[in-house]
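Trainee: dropping the sequence and predicted coords here.
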Amino acid sequence: MEKVVNSFSGYTPGELSALFSNLSKGCEKQYRMEMAGLYGELASYYAGVPGEESTTGFEGISARLQDDLDALFPPAREISTENSDRGALRALKWADKVSRIVKSQLGRFATKGSSFFRDTNIYVCEICGFLFVGDEPPEVCPVCKVPRIKMMPIKRVA
Ligand SMILES: [Fe+2]
């Protein structure tokens, strides 16, 4: 367990803010509003902490994703299995799939550059984090199977 906690030490404040924001949203979806609020407070705290922007680039993000898949997912799966936590195991399965998809998309972006996202839409599944790049999202999320209405468009920053 200590290994999991210590692995947060290499993140920038912005990355921690995004991480805790996602955890807050995850708790919200599970109707765990107290935890959602606490993670939301952490997200807000780290959003206000001055710090360096991530300088790792897409290769660095991709490498970090792989590190998470290799180092964090196995003990999380082990703990979830020991506790017969089916919800956690399902969330880990989704997170594993989504992380691999994002890693693949980062590779495509690194190869094709910004043209990969130009003139197309990007959607994110609010339930599992699945990213879809294209004109229209699929009828159901291929990872968690929720209907398309749960796939939100990502707004472009001018
Ligand atoms: Fe999904």
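Mentor: Yep, that arrived. Residues are numbered from 1 along each chain as shown.

Trainee: what about the residue most central in space within the chain, is that helix, strand or coil?
Mentor: Averaging the C-alpha coordinates of the chain gives a centre point, and the residue nearest to it by CA atoms, centre = their mean is Gly129 (5.8 Å). Reducing the assignment at Gly129 to three states with DSSP: H, G, I helix; E, B strand; the rest coil gives coil.

Trainee: wait, what's in contact with it?
Mentor: By CB atoms under 8 Å, 6 or more residues apart in numbering, the residues touching Gly129 are 22, 94-95, 98, 102. Where C-beta positions appear, they are placed from N, C-alpha and C, glycine not excepted.

Trainee: any part of stretch 102-109 near the ion?
Mentor: No - for stretch 102-109 and the ion, the contact criterion (CB under 5 Å from the ion) is not met; the two come no nearer than 12.7 Å.

Trainee: per-residue confidence at the residue sitting furthest away from the middle of the chain?
Mentor: Of all residues in the chain, the one whose C-alpha sits farthest from the chain's mean C-alpha position, using CA atoms, centre = their mean, is Glu82 at 24.3 Å. According to the model's per-residue confidence, Glu82 sits at a pLDDT of 97.

Trainee: my guess is Ala110 meets Ala63, correct?
Mentor: No - with contacts counted by CB atoms under 8 Å, Ala110 stays clear of Ala63, the gap being 11.6 Å.

Trainee: for the ion, what are the nearby residues on this protein?
Mentor: Residues of the chain that fall close to the ion, judged by CB under 5 Å from the ion: 125, 127-128, 130, 141, 143-144.

Trainee: and the next element down the chain from the longest helix anywhere in the chain?
Mentor: Of all the segments of type helix in the chain, defined by DSSP state H, the longest one is helix 86-112. Scanning forward in sequence from helix 86-112 by DSSP states H and E, the next helix or strand is strand 122-125.

Trainee: can you list the strands that that following strand pairs with?
Mentor: Within its sheet, strand 122-125 is paired with strand 131-133 (antiparallel), strand 151-153 (antiparallel), according to DSSP bridges.
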